[in-house]
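Asks: quick check, what structure comes out for this input:
(one chain, ligands or ions: 1)
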Amino acid sequence: MAPTAYVQELSKLTSTSDLMSSIALVYFSPTGNTKKAVSSIGELPCVTVKTFDITGNVEVPETDLSGFDFVVFGAPVYAGRIPACSVDRFKKMKGSGTPCALVLTYGNRAYEDAPRELGDIAEANGFRIKGVATMASQHTYGQIQLGRPNKDDIAELQEFYFHMLAKAEEPETVIPPGNYPYKVVETKAKFKPTTNGNCLACGMCIRDCPVGAIEEDIKTVNDNCIGCMRCVKNCPMKAKSVVADAFSDFEKLLSERLKNRKENEFFV
Ligand SMILES: Cc1cc2nc3c(=O)[nH]c(=O)nc-3n(C[C@H](O)[C@H](O)[C@H](O)COP(=O)(O)O)c2cc1C
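Replies: Have a look, this model is predicted:
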């Protein structure tokens, strides 16, 4: 169904309907792809959303989401898993048979065990998984699938959300893709950002870093760094970057290796 047709369809349904309206969005999203994908459910008519952005380096409190009609969990894929630092944050979210969807964004390589890992956390905490979306997105590194998720990706995702909401009360659940044991991964950054002379010491990078890796002097990036590149992407002065021949070589190689477009997949 074309996006406009489905929005019209949805409007018709929601005027009479049992479609849900109260939706919680929970995402970890250092560079914004996952946030964009998850938040697009809020553009559907007749839904109200409450956002729980668990990306920042703050203690996530235990949060009861059982009062919501539907929950969307979103995470990026890091080395075939969800980011290690996000695990305990997602575990703070509690449901009570609450229907949910999982949205994983990945940089056009592979999502491997990440959907299963996020799904296992959700299920253990009282959520029923109604569907899983794996969204091929712009990679953090190199020049890969620039701008994705784009308008067309979001339209596909919104159609998925629409079906999720329509089926939320049905008992069937979905087993997310992925294997056991989960892939074993290295979580420390291979390449850390450095700071150039543009820096105005505004401290935004310190405040925003998901793992508290940037020290008070701004220049020192400690070993907590996960290489998410949030500081590089968000710095208004473009003062953070990774300057290393090895990094440029890695980016070139990765861009070449991942140049063929992958499609989004929806497990319902
Ligand atoms: C440390 C790290 C590891 C990554 N590992 C993978 C991977 O295994 N597979 C993949 O396709 N993309 C991988 N990516 C790319 C991200 O999954 C992708 O760009 C994602 O959409 C970023 O989400 P965000 O913008 O919400 O932070 C990785 C990115 C980073 C920073």
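
Asks: and P99, which of the three is it?
Replies: In three-state terms, and counting by DSSP: H, G, I helix; E, B strand; the rest coil, P99 is strand.

Asks: next one: it from the ligand, what distance?
Replies: 23 Å (C-beta to the nearest ligand atom, to the nearest Å). C-beta: built from backbone N, CA, C; applies to glycine.

Asks: quick one: neighbours of the closest residue to that residue other than its chain neighbours, just the number.
Replies: Distances taken as C-beta to C-beta, 6 or more residues apart in numbering place A168 nearest to P99, at 4.2 Å, with adjacent residues excluded. Number of residues near A168 (other C-beta atoms under 10 Å) recorded here: 20.

Asks: next one: E123
Replies: Going by other C-beta under 10 Å, the residues that sit close to E123 add up to 16.

Asks: can I assume it is in contact with I129?
Replies: Yes - under the criterion of C-beta atoms under 8 Å, E123 makes contact with I129 at 6.4 Å.

Asks: so what's Y27 up against?
Replies: With contact set as C-beta atoms under 8 Å, 6 or more residues apart in numbering, Y27 has these partners: 34-35, 38, 51-55, 72-75, 103.

Asks: which positions in this structure make contact with the ligand?
Replies: Within the chain, the positions near the ligand by C-beta under 6 Å from any ligand atom are 29-35, 76-80, 105-110, 137-140, 226-229.

Asks: tell me the phi and psi of F90?
Replies: Backbone geometry at F90, expressed as degrees, to the nearest 10, gives phi -60, psi -30.

Asks: nope, T194 is what I meant
Replies: Torsion angles, degrees, to the nearest 10, at T194: phi -120, psi 170.

Asks: and the gap between the residue lying closest to it once chain neighbours are set aside and the ligand?
Replies: Leaving aside its sequence neighbours, T194 sits nearest to V243 (C-beta to C-beta, 6+ apart; 5.7 Å). According to C-beta to the nearest ligand atom, V243 stands 17 Å off from the ligand.
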